[in-house]
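Visitor: Sequence below, structure please.
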Amino acid sequence: MAEILVVVAIALLWAFLYGELSTFNLLIGGLFGMLLLMTLRREGSTSLPTRLWRVLRFMVAFLVELVIAGVVIARLAVTRKPRFHPHVIAVPLRVKSDAAITLLSATITLLPGTVAMGTSEDHSMLYAHAIGESDPARSRDSVTRIETLILGFMR
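Guide: Numbering: from 1, shown residues only. Purely as a prediction, here's the structure:
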């Protein structure tokens with residue numbers, strides 16, 4: 001029953017964001033909601049509201065990281081003699097699924113100053129290039145924080 005309410009809420013949200021309450025928009029929103037629920041549904045895992053809360057927390061934390069990274073890179077761009085600190089970091093991965101690794105890679109690539117370069121053959125390490133932080137450990141910690149949030153809803 002809760003899943004049906006979530007699908008209806010997502011369909012209404014979709015129609016509201018699109019700006020037109022039509023059958024087509026409700027259908028597209030409903031399909032999007034069902035796709036989201038299929039992505040979030042895992043056997044033997046936490047409840048749906050908990051998983052939705054974790055997705056929301058991930059999105060908010062990502063937006064915070066995005067703003068912070070944007071400010072750091074903007075400061076580098078307007079500084080007369082910027083001190084870039086380019087480095088390649090290797091982050092041990094705790095996520096195991098291809099979908100979670102892809103989401104992590106896409107997320108950190110969207111952050112200004114960071115680019116995912118790839119993973120090791122056994123998918124135990126993620127390699128990324130970063131320029132914003134002077135300490136590679138801080139860049140690694142940033143990726144690990146995002147990975148922890150992804151683990152919250154993609155286990």
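Visitor: by contact count, what packs against the strand or helix carrying residue 54?
Guide: In this assignment (DSSP states H and E), residue 54 forms part of helix 48-78. Applying 3 or more CB pairs under 8 Å, 6 or more residues apart in numbering; DSSP states H and E, one finds that helix 48-78 makes contact with helix 2-18, helix 23-40, helix 136-154. Glycine gets a C-beta too; all of them are placed from N, C-alpha and C.
Visitor: Not counting its own residues, what contacts the shortest one?
Guide: Going back to what we said before, that points to helix 2-18. Outside helix 2-18, the residues within contact range by CB atoms under 8 Å, 6 or more residues apart in numbering are 21-22, 25-30, 32-34, 36-37, 48-49, 52.
Visitor: Point to the residue nearest the middle of the chain.
Guide: What sits nearest the mean C-alpha location of the chain, by CA atoms, centre = their mean, is residue 107, with 4.6 Å.
Visitor: can you pull the contacts of the closest residue to it other than its chain neighbours?
Guide: The shortest distance from residue 107 to any non-neighbouring residue, by CB to CB, 6 or more residues apart in numbering, is to residue 146 (5.6 Å). For residue 146, the contacting residues are 58, 61, 62, 65, 104, 107, 108, by CB under 8 Å, 6+ apart.
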